[in-house]
Structure formats: structure tokens, C-alpha cells
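>>> Would you be able to build a 3D model of this:
(one chain, ligands or ions: 1)
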Amino acid sequence: MSVTNAQGQNRLDQRPEWHALGKHREETAGTHLRELFDADPGRADRYTLQVGDLHLDYSKHLVTDETLRLLRELAAATGVFELRDAMFRGERINTTEDRAVLHTALRAPQSATIEVDGHNVVPGVHAVLTKMGVFADRIRSGEWTGHTGKRIRNVVNIGIGGSDLGPAMAYEVLRAYTDRDMTVRFVSNVDGADLHEAVRDLDAAETLFIVASKTFTTIETITNATSARQWLLGQLGAGEDAVAKHFVALSTNAEKVTDFGIDPTNMFEFWDWVGGRYSYDSAIGLSLMLAIGPDAFREMLAGFHLVDEHFRTAPAEQNAPLLLGLLGVWYGGFHDAQSHAVLPYSHYLSKFTAYLQQLDMESNGKSVDRDGNPVNWQTGPVVWGTPGTNGQHAYYQLLHQGTKLIPADFIGFARPVAELGALAGQHDLLMANFFAQTQALAFGKTPDEVRAEGVAEELVPHKTFRGNHPTTTILAGELTPSVLGQLIALYEHKVFVQGAIWNIDSFDQWGVELGKVLAKRVEPALTEGADVPGLDASTTNLVAKYRALRGR
Ligand SMILES: O=P(O)(O)OC[C@H]1O[C@H](O)[C@H](O)[C@@H](O)[C@@H]1O
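From the prediction side, this is the model:
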């Protein structure tokens, strides 16, 4: 059922389901989690979900059964399930770019049939996976050697955005699954310092560069790749023929790869129905496969697929991505929450939230709906966070006693990775903080409880914790390749759910184009002092200041 306005446009805020949630919000305003838990002893048991290895406890959210029912009704009314099924079928749901959205095909079993324009894409996916595996085995065994005959010991991935954040994150997450005899680094920033620090201590003869770029036109990546090629040839004192043994490409654009000077046989392809921020389980993950090996990479893909199938088939009441998506809609739409924190209690997940920033904010940082009309409801939140316990010593003060409502996901693991040996003994202390923080955020400490501690009356307000801060706890047995895949798919589909409800295209990213165009325009003013028409007065002044400081 599509609710449309006088102009025949699908307006979320005109839906009866939206209004019902607004009314429910008014009726339940001020309810405290303390009351909800006191009134419902079974709450902590009921408000849990198990998806693969992921145990979700969502009891510490500002919801009741009625809230969840109304949210599920909104999902059904806004066509979330129909759009989900269309995505899995390969329909072109990325409407502004007229593309399918099929990152789920990257981890589909070989037996699956998923068609784009009548063509089953699954064989191609597995052909690339096989090619990646053969290459990875050749590099890891030493069979593939560089121009001087030395084996490859260093891998440098050159990419940015979705061609960097995913592999860089996953490499950190799975360090314990890597062969520790290979150095893997990631270069993304066009600031020369990034490439400089990545290669300054490397032997070029033992170094492989992976140029990762879906379009193979991204200026930062092409600039860095060109500089890396110059560095390599300079270090080796070799000609262009040395490139072939030290450069491979990950892209959808064979023509541009060839133009750059990389042999297309050294290109690992992917397709336009894979969004950049949804691509690290495609060829873009080659650096990760070189580090952890093809088998572990496939275990990770299986973890993705497990959650794909869960999202595709689980009923609404047990559907974890749907639940997480709906909770975000509830807080953004009816609690004026502006951000969402993801706080992993795992050092290995140090880059996890940075990855989620692109996944979520580039997908749902939109203000125009699918009909091309400005929205007047909140869409994507600011996503932020860093591993615990470090965040506790940085910004948890604001979480506990600030003025903002910031829903948070806490992610933790029962078992530390085996490699830690004696250091595994610290794990219980880490997890004690993990559990304590969501408890403190939910239930706080009342003024009377503070007084009972003998606190001077004038300090009682300062030492009171109002609580009622909502959190999801995600607990898994251990951080394995499969569990990483499960976590990523969970968040991918959460983002999907929210975009579907907000009626926005989560899979384009027109908002990144203007800055690129303006940078290209202003650059001549920096380098040659060219008079760039149309520069605003502030930029004109700043450019002049820059040139003066550079002594130009
Ligand atoms: O992989 P590439 O084509 O080089 O694109 C790299 C990144 O840049 C673009 O500007 C988009 O914002 C990202 O979605 C993309 O991941």
C-alpha cells in the first residue's frame, strides 16, 4: 500500500503507521528502563535474538512489545520486504544509477542462480574468486616472484573509500589469522605522506602493489598508483617491463586499467552492481585474501551468506537486521537522535566503526526521497565510535551525563583469540567493562542512591546518572572470519532496512561529486596562480594566503 500526497508522492510522514508511532511516543514518553524491567521480569529473556554466532540482547532499548509491533507495521507498510526481495532478485533498485544491488551475489554458493539482464552472475563471481585464490597461493608460496626474482613479502593496497576501508578494516580484524611473515599496508590519502610512510622501509623488489578502484578514475588512487610505479621503477632501476610483476588491479574498468599500464590478465574484476562500500568481499578483498589465505576468506564469505539468508527468510519478529534498522528509525524519527555509536570491545575491531561510517553515512546520508522530493524526516545518523575500553576514558562522560540521546551498539566476544596466550588473562576485565557500561547506561544511579553513599548534598546532582540510554549488546563466541562476515552483513542489511523505510536510494552517492569537481577547478589557482572564475571571496583569499605561505 503506498500512501501518496496530493502530488502522488510517497510521503513517509503521511502514513498512518508513522502517526501511530508518534502517538505511541507521546504516550510512553518518560518511561524508564528501570520501570520496564521491573514490570516485565521476562524482558531480558524475550528481547534477545540469535543469528548464526551472533547473540543480540536488545532489552536495554526504549521499546515495549507495542513499540516493536508498530515499528514492524511501518516496515511492512513501507515495502521493506518487497524491496528486499527485489534486491536479492537482482532488480535495479539503485534507481538513480539504474543498477542492480547485488553484493549478496558475491557470497552466494556456486549453485545459486542470480540474474542481471537475463545473465546468471554467479559463475563470474566464482571465477574471480578462483582466480584470486590461485594468485594468493602463488604469492603466499613464493612461486610468484618480483622483477628481480625475489618472493613478495610486502603488499601495498592503493585505494580509497570502499576500495580501502573494507580491506584495511578486515585485515586489522583478522590479524590473528594472517601469516605473520607478510607486511600488508594500505595507502589511501592523496597526501604524499601516506604513500611515503607505507613504502619508505620496504624493499621494492619484494613489494606488490594492488591498485584498487572500482572506476579506476579516482584521482587519489591514480595519483598514488602513478607515484608508486615511479618509486618502484626508481628503486629497481628498471623499465616499464618491471610493472607486470609488481602491480595488479582490482576494478570494473579494464580499459582504464590497461591505460594505466597494468596487464588486464593481472586484473581481478568486479561489477557495477557492487557498490564501493559493499565491495570488500569482492576482488577488492584481494589484499585480505593474500594475508589470511583463500580458505579463511571463503569462511568469511560463508558468514556473510548465513546472515543474507537470515535476512531474506526470517520472520519479522526474529529478523535481526530488520530489528536494528527499526530501532534506528525509532530513535531518529521519534527521539531526535542525531548519531549512533558502535563501540566494539575488541582491539582488533579498531577500524570497524570507520568502515561502518562509509557503509551507513554514504548510503543513507540523503535528504531527497526516491520521488525526488526533499524529506522532512531524519535519515541516516552520524555513525561514530572506537573500541572499548578506550572510549570510556574519552567520551563516555557525554554518553552517561550529556544532554544527547545516542543509541549505541556494544560488540564483544566471549573468547579472546588463542594467539594472545597469557594476555588472554586480561579478557575478563575487558568484558567486565563491556557488561558494566550498558548496565550503567540503562539503569544509571538515582539521587537517593547517590545520597545513600554519603555524598554531600551539593554534589548529588553532579553524581547522579539518569540512565535510560539505549544500547544493543552483540555477543559472539570468538572473532573469526565467519563472525566478521556475519557482522558486516548484519550492518549492510540494517542500512538497507532504514533506507527502504525512509524511501531513499541507499546505493548512489551523488553527494561526493561536487567537491571533486571544485577541487579540479581550484587546483590551477594553487599551482600556477591561475585566475579561476567563480571562486568565492573566501576561497580566493585562502588560495592567495596558501600561495604566499608556499613562497609562490
Ligand atoms: O573504488 P573507486 O572507484 O576508486 O571509488 C572509491 C570511492 O570514491 C567514491 O568517491 C565514492 O565516494 C565511494 O563510494 C568509493 O568507494
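
>>> which residues does the closest residue to the ligand within the stretch 351-500 of the chain contact?
Relative to the ligand, the nearest point of the stretch 351-500 of the chain is Glu362 (5.7 Å; CB to the nearest ligand atom). (C-beta placed from N, C-alpha, C; glycine too.) Neighbouring residues of Glu362 by CB atoms under 8 Å, 6 or more residues apart in numbering: Gly161, Arg277, Gln509, Val512.

>>> restrict those residues to those near the ligand?
Contacts with the ligand within these, counted by CB under 6 Å from any ligand atom: Gly161, Arg277, Gln509, Val512.

>>> So which of those belong to strands?
Using DSSP state E, no member of the ones next to the ligand among the contacts of Glu362 sits in strands.

>>> Check these and tell me the two furthest apart.
Arg277 and Val512 (11.1 Å; CB to CB).

>>> Pick out whichever of these two has more residues nearby.
Arg277 (26 against 12; other CB atoms under 10 Å).

>>> pretty sure that one is in contact with Ser363, am I right?
Yes - assessed by CB atoms under 8 Å, Arg277 is found in contact with Ser363 at 6.7 Å.

>>> now check stretch 244-252, is it near the ligand?
No - judged by CB under 6 Å from any ligand atom, stretch 244-252 makes no contact with the ligand; its nearest approach is 7.6 Å.

>>> can you tell me the distance between the two ends of that stretch?
Across stretch 244-252, the terminal residues are separated by 19 Å (CA to CA, to the nearest Å).

>>> What of stretch 353-370?
27 Å.

>>> what do you get for stretch 145-161?
The straight-line separation of the ends of stretch 145-161 (CA to CA) is 29 Å.

>>> list the buried ones in stretch 17-30?
Buried residues in stretch 17-30, defined by neighbour count with 16 or more other CB atoms under 10 Å: Glu17, Trp18, Ala20, Leu21, His24, Arg25.

>>> Between those residues, which sits nearest Pro524?
Among the buried residues of stretch 17-30, Trp18 lies closest to Pro524 (CB to CB), at 49.5 Å.

>>> who's in contact with that closest one?
Leu12, Leu74, Gly333.

>>> Please repeat the previous calculation with a cut-off of 7 Å.
Leu12, Leu74 (CB atoms under 7 Å, 6 or more residues apart in numbering).

>>> In terms of helices and strands, where is it?
Per DSSP states H and E, Trp18 falls inside helix 16-28.

>>> quick one: whichever residue of the stretch 401-550 of the chain sits closest to the ligand and Gly161, what's the gap?
Residue nearest to the ligand within the stretch 401-550 of the chain: Val512 (4.0 Å; CB to the nearest ligand atom). Look at Val512 and Gly161: by CB to CB, to the nearest Å, they are 8 Å apart.

>>> Check Val375 too.
24 Å.

>>> Also Gln437?
From Gln437 over to Gly161 (counting by CB to CB), the distance is 31 Å.

>>> who has more neighbours, these two?
Gln437 (24 against 21).

>>> I'd assumed that one was in a helix, is it?
Yes - per DSSP: H, G, I helix; E, B strand; the rest coil, Gln437 lies within a helix segment.

>>> Could you pull out the buried residues of stretch 501-511?
Buried positions in stretch 501-511, judged by neighbour count with 16+ other CB under 10 Å: Ile501, Trp502, Asn503, Ile504, Asp505, Ser506, Phe507, Asp508, Gln509.

>>> Narrow the residues you listed to those in helices?
Ile501, Trp502 (DSSP state H).

>>> didn't Trp273 look like it was pressed against Thr104?
No - with contact defined as CB atoms under 7 Å, Trp273 does not reach Thr104; the gap is 10.1 Å.

>>> ok, and does stretch 210-221 reach over to the ligand?
Yes - counting by CB under 6 Å from any ligand atom, the ligand has neighbours in stretch 210-221: Ser213, Lys214, Thr215, Thr218, Thr221.

>>> top of those by neighbour count?
Going by other CB under 10 Å, Ser213 tops the residues of stretch 210-221 next to the ligand with 28 neighbours.

>>> For beta bridges, what are the partners of the closest residue to Leu479 other than its chain neighbours?
In this structure, Leu479 finds its nearest non-sequential neighbour in Phe413, 5.2 Å apart by CB to CB, 6 or more residues apart in numbering. With DSSP bridges as the criterion, Phe413 is bridged to Ala476.

>>> Please report the distance of Phe413 from Ala302.
In terms of CB to CB, Phe413 sits 19 Å off from Ala302.

>>> ok, these two, which is more surrounded?
Set side by side, Phe413 and Ala302 show more neighbours around Phe413, with 24 against 16, by other CB under 10 Å.

>>> I'd say that one and Thr480 touch.
No - contact criterion CB under 7 Å: Phe413 and Thr480 do not qualify, at 9.3 Å.

>>> ok so, going back, confirm the residue of the stretch 351-500 of the chain closest to the ligand sits in a helix?
Yes - under three-state DSSP, Glu362 falls within a helix.

>>> Now do it against Val495, distance only.
10 Å.

>>> what does Asp194 give?
Distance from Asp194 to Val495, by CB to CB: 28 Å.

>>> what does Arg312 give?
For Arg312, the distance to Val495 - CB to CB - is 16 Å.

>>> out of these two, which sits in the more crowded spot?
Val495 (27 against 16).

>>> so who does the nearest residue to the more buried one once chain neighbours are set aside touch?
Closest residue to Val495 apart from its sequence neighbours, by CB to CB, 6+ apart: Ser363 at 4.9 Å. Residues counted as contacts of Ser363 (CB under 7 Å, 6+ apart) are Arg277, Gly380, Val495, Gly499, Ser506, Phe507.

>>> got a list of what the last one touches?
Residues near Phe507 by CB under 7 Å, 6+ apart: Asn94, Val101, Gly275, Ser363.
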